[in-house]
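A.B. asks: For reference, the sequence and a predicted model appear below.
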Amino acid sequence: MIDWSDHLPALQVIVPMLTAPLALLLRPRGLAWAAATAASLFAFAIAILLTLELLGGRIFVYNMGNWPAPYGIELSVDAFSALVLLVITGASSLALLAGRHSLDADIEEHRQPHFYAAWLLALAGLVGIPVSADAFNIFVFMEISSLASYVLIAGGTNRRALPAVFKYLIMGTIGATFYLIGIGLIYLMTGTLNLADMELRIHEVADQKPILVAAGFITIGLALKAAVFPLHVWLPNSYTYAPNAVTVFLAACATKVSLYLLLRFDFFVFQPNLVDHDIQFSYFLMPLAVLAILIASGVALFEKNLKRLFAYSSVAQIGYILLGASLVSVAGLTASVLHIFNHALAKGAVFLALACLASHYSGLRLENIAGAARRMPWTMAAFVLAGLSLVGVPGTAGFISKWYLITAALAAGNTGLLLIAVIIIGSLMALAYVWRVIEAAYFGATTAESAVLREAPPVLLAVTWLAALLNLYFGLVPAVSVTLASSAAESLLRHVP
């Protein structure tokens, strides 16, 4: 009898990938959305099953076509990849459930099958990266997700998305090219593309200079993809001008996947084999993380477009993730991986709340939403809860990861004290720019006509509140996310001498 749980890693990719061409054939309005939503929910269910099995002590290694690695393509799922899969599939499912109304308005009926097919391809590419243990296969999934993401961002009615997508395409292509050059150098020196086999063979290479060059290419390429400061220039406009549901999806998970790959490559392949690479890793990323937190938060303080404001906030939050990783410790990596999950919760809920506001406010600018809390009290209450999580207020998910980050920094001596000061300043700046939105919505002047109660569509509002309450739940009951994050941190450091 077939045990279908053995095939979960492959099904994670196959379900959305095979549903994509089916969506192209579903012409009546709503059918393509229904197929995409069903496939996304199915993928989310698979991610949950994988997580439950991993928490029970199971290890997932799957050889495509029964060809053993390194000759065949290997899929594997551990605690780190399971957490990222939950983020990707959960974000996709919530965005599709919430975005039906707005996507119908943004996407012409004859283009909807193509749009939802691209959505499923983006989903398949993004989930393919965490489950793949083959470096070139990761590149293939990276390109699938990137090309589909360009279509999603440009798929709405806002023509300003076109130059934003063009910039994203150029930067994304450079990042992918750098990654491919690095992989080519490693393959030239080791003769393998399997990550585990690569780790074993690199230390046998007599001349390590090509490996160092490869590490540089791969790190910079993935930093471009992850919008690491100052390589983030493609991100603000892409989030701002994309359809609201697309922003929810990509803001929650797109950069997180590249960060996942950056950490996995560095800790699994380079740090076990290159002398003093952990110090180089820290010296390279820690200053960039500090600059991202301070400068991006500073820009957000003066930004009036709400989507652009929280796009810069995402650049700052990526800084927190890199700051934890740059400590190269179990505590630091636990905080880093945990913030990948918690920031996805907070930022997804924030952009869902902005999608609610966009259902009745044509321009998402501070001056346009004056008095919005009187008109949409439930929407703004959800926004406040998500904003508190983004700041890191106790009782929310965002507090848990920042607490772990401060705890990790305390072990770093005098440098750690400076990092704690940066974390606190960054959190206060986040409180300031979240408060700007709250102040405009709750205390801004409004006319009697615009003060009439008119909430967002019920499904959109319900999904927004679900995302907001998840921030509260994982702040009060963080056992699952902390367990996955600590297991991921120990797994990453297990490969470091």
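C.D. replies: Received it, and whenever you're ready, just let me know what you need. Numbering: from 1, shown residues only.

A.B. asks: quick one: secondary structure of Tyr62?
C.D. replies: Under the three-state scheme (DSSP: H, G, I helix; E, B strand; the rest coil), the conformation of Tyr62 reads as strand.

A.B. asks: Beta-bridge partners for it, please?
C.D. replies: With DSSP bridges as the criterion, the beta-bridge partners of Tyr62 are Leu75.

A.B. asks: residues touching it, list them.
C.D. replies: Applying C-beta atoms under 8 Å, 6 or more residues apart in numbering, we find Tyr62 in contact with 6-7, 9-10, 74-76. Every residue, glycine included, has its C-beta placed from N, CA and C.

A.B. asks: Present those residues as a markdown table; the columns should include neighbour count.
C.D. replies: Conversion of the contacts of Tyr62 to a markdown table gives the following (neighbours: other C-beta atoms under 10 Å):
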| residue | neighbour count |
| --- | --- |
| Asp6 | 12 |
| His7 | 15 |
| Pro9 | 25 |
| Ala10 | 15 |
| Glu74 | 23 |
| Leu75 | 24 |
| Ser76 | 19 |
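
A.B. asks: By pLDDT, give me the weakest of these.
C.D. replies: Across those, the bottom pLDDT score, 75, is held by Asp6.

A.B. asks: any idea how far Ala82 is from it?
C.D. replies: Taken as C-beta to C-beta, to the nearest Å, the spacing of Asp6 relative to Ala82 amounts to 16 Å.

A.B. asks: Let's see the pLDDT reported for the residue most central in space within the chain.
C.D. replies: By C-alpha atoms, centre = their mean, the chain has its centre lying nearest to Cys253, at 2.2 Å. The predicted structure scores Cys253 at 86 on the pLDDT scale.

A.B. asks: Would you mind listing where the stretch 301-450 of the chain has pLDDT under the threshold?
C.D. replies: 446-450 (pLDDT under 70).

A.B. asks: could you pull out the helices for it?
C.D. replies: Assignment of helices within the stretch 301-450 of the chain using DSSP state H, counting those that start in this stretch yields the ranges 306-326, 330-358, 372-375, 377-391, 397-410, 413-443.

A.B. asks: Send me the shortest one as CSV with only the CA atoms.
C.D. replies: The C-alpha coordinates for helix 372-375 follow below in CSV (Å, rounded to 0.1, in the frame of the first residue of the first chain):
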residue,chain,number,x,y,z
ALA,A,372,-11.0,56.4,8.3
ALA,A,373,-11.5,54.8,11.7
ARG,A,374,-14.9,56.3,12.0
ARG,A,375,-15.9,54.9,8.7
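
A.B. asks: tell me what it is packed against?
C.D. replies: Under the contact criterion of 3 or more C-beta pairs under 8 Å, 6 or more residues apart in numbering; DSSP states H and E, helix 372-375 touches helix 377-391, helix 413-443.

A.B. asks: run the last query once more with 6 Å
C.D. replies: When contacts are defined as 3 or more C-beta pairs under 6 Å, 6 or more residues apart in numbering; DSSP states H and E, helix 372-375 packs onto helix 413-443.

A.B. asks: Check which helices and strands the helix it packs on is in contact with.
C.D. replies: Here helix 413-443 is seen to pack against helix 297-302, helix 372-375, helix 377-391, helix 397-410 when contacts are counted using 3+ C-beta pairs under 6 Å, 6+ apart.
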